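Undergrad: sequence unknown, structure follows:
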């Protein structure tokens, strides 16, 4: 198989006669990619490139920033650790080092990704922000254009820009009047710059809860604005990760029963979260995750700070005034800074000129997991499963296998069209 792919690569590179016939518009540079173009050099893009390389399929990774895993390197807070045990976060074909802790921190995870890229000889082209990608039905190829006015032409396009491509910054009435710092968690690094200050954290997901804890640890005075219901679960139960326990239980019991078990254990271990202003949804944590993609919060110590009064829980925001916030219950409180833990979103609709596979509303594949990884005309997606790095690994393996099968079928077709007719000719000579 590898020899066949090498032959195809050589033929594609040197077959410039038919290539000159293509209409590339006004781009400055035109690059023929003999394999797949992968947009995004985060964990998803790296996983796809590695799985393709393992099957002998060439690929080219385009990355808008100046490094791999830019979200992890440049837009995460210092105390961040993997929320799940490392065995659930490994990328395909390469395990974490044995000496890594159970929950690797940010820097260790980045080191793992860099070693991963080196092992599979993945060399992304950096500072290549994709502004448009569309399939040319007449030619049968994808055209991927970057802000640098370079156009890449390929048979397969893998969308790996992920669920967290752009920060979500909500419009809050009066925000321009605040006068203090207002930052998204993508800009937050550590609570050391907020020592002694009153900080409102908006959003009660894993990031919001961890930022509050970090602020406490740096002697700030944090409050948490909670607009919606939220499931909070212990990070571990009896020394076993809650996620790992859930996966084991789901092998034997239906999801609703597993939810009941988790909620009963949570109530026993961390108490009734509703008493501190954190009301649970009516749907269980795993069922809610399956239906909406909303992840339950895995508590790493924040809840104790809330119970002790070090973190105050507030309702949703009505409006912002000069260094103060008015909440929906009518209370107004003074703050020195606001941290928006309001999440991220996909940016696929802004550059992918296609509407069958991806939703223009949220930028996710329209088909639900596990069938959202494959579209038409050689279009694929990796890392949009709302199931973390485990979902990414599944997508990457599926994509590589599908493209390899496509090449095998093509080889069979070439054999049947050229070799067998030649044999028939020799019969009559």
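TA: Received it, and whenever you're ready, just let me know what you need. From a predicted model like this one, the values you see are computed outputs, not experimental measurements.

Undergrad: the helices in the stretch 101-250 of the chain, which residues?
TA: Taking DSSP state H, counting those that start in this stretch as the test, the helices found in the stretch 101-250 of the chain are 106-119, 206-217, 242-250.

Undergrad: and for residue 244, the neighbour number?
TA: Using other Cβ atoms under 10 Å as the criterion, residue 244 is surrounded by 15 other residues. (Glycine included, C-beta is placed from N, CA and C.)

Undergrad: and what of residue 238?
TA: Using other Cβ under 10 Å, residue 238 has 8 other residues around it.

Undergrad: how much space separates it from residue 82?
TA: 20 Å (Cβ to Cβ, to the nearest Å).

Undergrad: before we move on, what about residue 183?
TA: Residue 183 is 23 Å from residue 82, by Cβ to Cβ.

Undergrad: of those two, who's got more company?
TA: Using other Cβ under 10 Å, the more surrounded residue of residue 183 and residue 82 is residue 82, with 20 against 14.

Undergrad: would you check that residue 259 makes contact with residue 287?
TA: Yes - between residue 259 and residue 287 there is a contact under Cβ atoms under 8 Å: 5.7 Å.

Undergrad: which of these two has more residues huddled nearby?
TA: Legend: neighbour count by other Cβ under 10 Å for residue 259 and residue 287, higher for residue 259 (22 against 15).

Undergrad: who are the contact partners of the more buried one?
TA: 284-287 (Cβ atoms under 8 Å, 6 or more residues apart in numbering).

Undergrad: quick check: closest non-adjacent residue to it.
TA: Nearest residue to residue 259, sequence neighbours excluded (Cβ to Cβ, 6 or more residues apart in numbering): residue 284, at 2.6 Å.

Undergrad: residue 376 now?
TA: residue 356 (6.3 Å).

Undergrad: show me what contacts the one you found?
TA: 366, 375-376.

Undergrad: mind checking how far it is from residue 379?
TA: Distance, residue 356 to residue 379, using Cβ to Cβ: 9 Å.

Undergrad: most neighbours, which of the contacts of residue 356?
TA: residue 375 (20 neighbours).

Undergrad: how close does the nearest residue to residue 140 once chain neighbours are set aside sit to residue 333?
TA: Nearest residue to residue 140, sequence neighbours excluded (Cβ to Cβ, 6+ apart): residue 155, at 7.5 Å. Distance of residue 155 to residue 333, computed by Cβ to Cβ: 58 Å.

Undergrad: with residue 374 instead?
TA: 50 Å.

Undergrad: those two: which is more packed in?
TA: Just comparing residue 374 and residue 333: by other Cβ under 10 Å the higher neighbour count belongs to residue 374, 16 against 13.
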